[in-house]
Structure formats: C-alpha cells, structure tokens
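J.: sequence unknown, structure follows:
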C-alpha cells in the first residue's frame with residue numbers, strides 16, 4: 001500500500017509534468033506553423049509552473065517531507081540537499097523565462113522589427129540563470145548558427161543576440177538589463193576631439209595630447225525594453 005504522502009507528491013508531479021508537456025506541444029505547433037504563440041495563455045501556463053511548486057509543492061517537500069527523511073535516513077542527506085538546490089535553480093530559471101517572455105511581448109507590442117537585429121545585454125547572474133533553460137543552453141536547441149562569435153559568451157535565442165556584461169547598473173539587489181533593436185541606439189560624441197600641445201624644454205620636444213568623449217545614445221525609447229532582474 002502506497003503512503004498517502006507519496007500519492008500526493010506523485011499526483012502533483014504528474015500535474016506539473018502535464019503542464020510542461022502542454023507548453024512544449026504549444027511551442028512546437030507554433031514553430032511548425034511559423035506563428036507567434038498566444039502570449040496570454042503562455043504567460044498563464046508559466047505562472048502556474050512558477051507559483052504552484054513554490055507556494056505548495058516544493059514547500060511540502062522541503063519543509064515537511066525532507067526534514068523527516070534527513071532525520072531518519074542520514075545517508076540520504078546529500079541527495080535531499082541536491083533536490084533542494086534543484087528546486088531553487090528551477091524557480092530562478094522559470095522567473096528568467098517569464099521576464100524574457102514579457103520583454104519579448106513588449107517588443108512585439110511596440111512593433112519593434114524581429115529582423116535579426118535585436119540584442120539583449122544581461123548581467124552575469126542573469127546569464128547563469130538563463131543557462132538553466134534548456135532552449136537557451138543545450139545543443140539540441142542552440143546550434144553553431146546561434147553562436148556567432150567564437151570564443152565569446154554570446155548566443156542567439158528568440159531571434160536575439162544575448163550578451164553578458166558586468167557593467168550594467170544595479171542597486172538594492174536589482175540589476176537593469178536591456179533588450180533592444182539595433183536602430184534604437186547609436187554612437188554619440190560627448191565631446192569633440194581637442195588637442196593640447198605643450199613644449200617641454202627639458203626634453204626639447206612638444207607633447208601632443210588628443211582627447212575625445214564618446215558612448216551610446218538612445219535614439220528611440222520604444223525600441224528598448226529594460227528588465228529589472230534580481231541578483232539573488
């Protein structure tokens with residue numbers, strides 16, 4: 001006879017598996033049809049995958065079942081620790097996927113062209129979380145064509161070139177990441193070239209110093225989506 005606790009966990013695992021299979025089938029159908037999915041339906045499905053494990057299923061395991069198993073079977077502690085860590089990684093990966101989906105939808109809502117000229121710049125923490133998404137990380141989904149710059153951490157996903165960057169603004173455990181179209185930003189000159197020429201008699205020569213300031217400038221705000229991403 002199976003214990004009721006095991007039955008409940010198996011039933012919840014089956015429900016989560018069914019939802020994940022439904023998401024994969026939905027996306028596979030749209031890939032075949034070369035159409036965009038119903039974002040509202042997809043967002044609701046991801047919300048279920050995010051909320052149900054965190055609020056109910058994982059709490060039953062991590063707060064109720066696992067402590068009892070650790071107390072009764074010390075040899076299983078390493079396995080249970082690994083399961084807890086997998087829960088945490090899965091929750092982070094789902095949230096990153098939700099952020100990416102929302103940003104992707106926002107770019108479409110403002111009619112930003114999906115023409116291969118979209119770029120996303122994220123922090124290293126967000127990059128490591130994206131690597132928890134199979135479609136972003138595994139060679140089954142990401143082929144050589146999605147790795148345009150050999151020897152660098154950059155890859156194409158969702159029609160966008162993703163690049164990690166350590167210099168993005170962050171405060172209060174939130175880092176600002178950006179998804180944009182190439183035409184929405186441009187090269188700007190902060191200060192024109194200036195030249196300073198001085199005579200150094202001790203060296204019997206002129207020293208010439210040229211200076212300028214340049215950087216990126218926002219051209220069209222509708223072509224940029226800023227994502228507020230947690231650092232932990």
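T.: Looks like it arrived, so ask away. Just so you know, these numbers come straight off a predicted model, no measurement behind them.
J.: need the longest strand for this protein.
T.: strand 185-200 (DSSP state E).
J.: how far does the lowest-mean-pLDDT helix or strand in the chain sit from the chain's center?
T.: Ranking every helix and strand in the chain by mean pLDDT, DSSP states H and E puts helix 58-59 at the bottom, with a mean of 70. Offset of helix 58-59 from its chain centre (CA atoms, centre = their mean, to the nearest Å): 24 Å.
J.: try stretch 224-232
T.: 9 Å.
J.: cool, stretch 107-123 as well?
T.: 14 Å.
J.: how about the longest strand of the chain: buried residues?
T.: residue 185 (16 or more other CB atoms under 10 Å). C-betas here are computed from N, CA, C, even on glycine.
J.: next one: stretch 119-129
T.: Those would be 119-123, 125-127, 129, for stretch 119-129 by 16+ other CB under 10 Å.
J.: re the thing from before, what is the least confident helix or strand of the chain packed up against?
T.: Packing partners of helix 58-59 (3 or more CB pairs under 8 Å, 6 or more residues apart in numbering; DSSP states H and E): none among the helices and strands.
J.: next secondary structure after it?
T.: helix 66-72 (DSSP states H and E).
J.: helices or strands next to that following helix in the packing?
T.: helix 77-109.
J.: what residues sit buried inside the helix it packs on?
T.: 80, 87, 90-101, 103-107.
J.: quick one on the thing from earlier: pLDDT for the buried residues of stretch 119-129 - can I get that in TSV?
T.: Shown next, in TSV, are the buried residues of stretch 119-129 (pLDDT from 0 to 100):
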residue	pLDDT
119	92
120	92
121	93
122	92
123	92
125	89
126	87
127	90
129	81
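J.: among these, which are located in strands?
T.: 119-122.
J.: how far off centre is stretch 66-77?
T.: On CA atoms, centre = their mean, the centre of stretch 66-77 falls 34 Å from that of its chain.
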